[in-house]
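**Student:** sharing a model that was predicted from the sequence below.
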Amino acid sequence: MRKQQERVIIIGAGASGMMAACAAASHGVPVLLLEKNEKAGKKIYITGKGRCNFTNLCETEDFFANVPRNASFLYSSVYGFDPHAVREWFEERGVRTKEERGARAFPVSDHASDITRCLEREMRRLGVQVRFLTEVKDLLFADPGRLADSARGKDFVPPLPGRIRGVRLSDGKTLCADYVIVATGGLSYPSTGSTGDGYRFARMAGHEVSRLTPSLVPFQTKEEDLIRMQGLSLKNVTFTVTNGKRRLFHEMGELMFTHFGVTGPLILRASALLQDQIAKGELNACIDLKPALSEEKLEERILREFDANRNRSVHNAVRGLYPSKMIPVILQRSALDPDIPVHDVTVFLRKGLIRTTKQFALTLTSLRGFGEAVITRGGINVRQIDPGTMESKLVEGLYFTGEVLDVDGFTGGFNLQIAWSTGWAAGESAGKRLETSRLTGIPTDNMRPV
């Protein structure tokens, strides 16, 4: 007779954990979801500025172009549960959705809570047992001698092969399971409970974990005058980054000035690609405030503004060219006295204004920390994970999903799609295997796919 304790245990009630729970429980097997917070989906609530950009409806082939690292690892899971399937999944369960600019998908309500509540309803319908304020301390393995704990250190590599047997909670209690799915998230937004537990669990099981750094995160800058423009957003500008020798990044988009530097979609995208370079030292950057105009066309535009305001000061004459919050900084950088009459502006000074407009210079000094990062770069070596099921190749019955893996995407719904796809793959695999073993009576130990 099969033991009553045999079930699927999922660690973490975030996006990938709840989706894994739904997928596993759909096979009629007992699923226990453990969450150390007081509620589920805390990070979901803050995605898309609270609106929850839950996926991106671009062509599936284009999806992988928005995953800068290890995109090929995701082929099986994303094609198995692609963005359109995810949208349909939520629609079928009562969430009305919409598509916005850039193929980004949101709930029609613009409330992230609709996504979380949908997952919670589905888990209740399928009989998933959820325990909140329950922290997992360690993983339990088949060999009692392989009971790993923090004291063994990150370099501990347990003997292989092995099999998962359950988890040990922070209160010392143990829970047995045939399958354990680790869906604990990364290190970004630690206030939501993402404190790196999954990386510790992975190391316990002998997995390699690459260097962890914040990604999709603002840049700090050296220039002190940027604080005068704090909160100012610029759309359709070009942001270029160089290391003094070659161009590292050059794209158009939206950015915003802050009290410490720059942020916004364009900046977050750059941060995902410049991790290694910024770690080596400062980078030079510039913003083209008028990318649609050549220097010659920009000069013509400035002359028209000056001609229309020939009896006014420069400060008033350029109001049609720049946001008001930016004018004092632009003029100071161009060595232009804001009170000088337009007719006194020399060709030399006008050329300086053009240069500043086309090459508004910044010095990027560092990235901000995990507290402001959308995602974590780095994680579990994906070569040690089955890409079709998310199961560990080192420990049978142990799965890893979502941000804990060494994959990350750009902004626009790509990271949540990675969570849904990898969570679904893991839950489907564990649920189906446990269901089959119960129907056939064959122990799950003998059912690992070849």
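**Tutor:** Alright, I've got the coordinates.

**Student:** domain-wise, how is the chain divided?
**Tutor:** Domain segmentation of the chain under automatic domain parsing yields 8-213+377-446, 218-368.

**Student:** so which of the ones you listed is the most packed in?
**Tutor:** Ranked by mean neighbour count, those are led by domain 8-213+377-446 with a mean of 20 (mean count of other Cβ atoms under 10 Å). In short, each C-beta sits where N, CA and C put it, glycine included.

**Student:** ranking the domains of the chain by mean pLDDT, which is last?
**Tutor:** Per-stretch mean pLDDT for those is lowest at domain 8-213+377-446 (a mean of 90).

**Student:** just the helices in this structure please.
**Tutor:** Assignment of helices within the chain using DSSP state H yields the ranges 15-25, 60-65, 75-80, 83-92, 112-126, 197-204, 265-273, 275-280, 295-308, 314-317, 327-333, 347-358, 414-440.

**Student:** would TSV of those helices with distance to Thr376 be doable?
**Tutor:** Listed next are the helices of the chain as TSV, based on distance: least, Cβ to Cβ, whole Å:
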stretch	distance to Thr376
helix 15-25	13
helix 60-65	19
helix 75-80	18
helix 83-92	22
helix 112-126	20
helix 197-204	9
helix 265-273	11
helix 275-280	11
helix 295-308	41
helix 314-317	45
helix 327-333	34
helix 347-358	36
helix 414-440	10
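
**Student:** Gly231: which of these is closest?
**Tutor:** Proximity to Gly231 (Cβ to Cβ) singles out helix 327-333 among the helices of the chain, at 13.5 Å.

**Student:** got the CA positions of the closest one in PDB?
**Tutor:** Extracted C-alpha coordinates of helix 327-333, given in PDB (Å, rounded to 0.1, in the frame of the first residue of the first chain):
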ATOM      1  CA  ILE A 327      15.800  73.800 -19.100                       C
ATOM      2  CA  PRO A 328      18.100  75.100 -16.300                       C
ATOM      3  CA  VAL A 329      20.300  72.000 -16.500                       C
ATOM      4  CA  ILE A 330      20.500  72.100 -20.300                       C
ATOM      5  CA  LEU A 331      21.400  75.800 -20.300                       C
ATOM      6  CA  GLN A 332      24.000  75.400 -17.600                       C
ATOM      7  CA  ARG A 333      25.600  72.500 -19.400                       C
END
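
**Student:** how far out from the middle of the chain is it?
**Tutor:** For helix 327-333, the separation from the chain centroid amounts to 35 Å (computed by Cα atoms, centre = their mean, to the nearest Å).

**Student:** phi, psi of Tyr322?
**Tutor:** Phi and psi for Tyr322, reported as degrees, to the nearest 10, are phi -140, psi 150.

**Student:** list the contacts for it?
**Tutor:** The contact partners of Tyr322, taken as Cβ atoms under 8 Å, 6 or more residues apart in numbering, are Leu289, Ile330, Thr357.

**Student:** closest one of those residues to Arg104?
**Tutor:** Set against Arg104, the nearest of the contacts of Tyr322 by Cβ to Cβ is Leu289 (25.8 Å).

**Student:** shouldn't the closest one be in contact with Gln359?
**Tutor:** No - at 9.2 Å, Leu289 and Gln359 do not qualify as touching, with contact defined as Cβ atoms under 8 Å.
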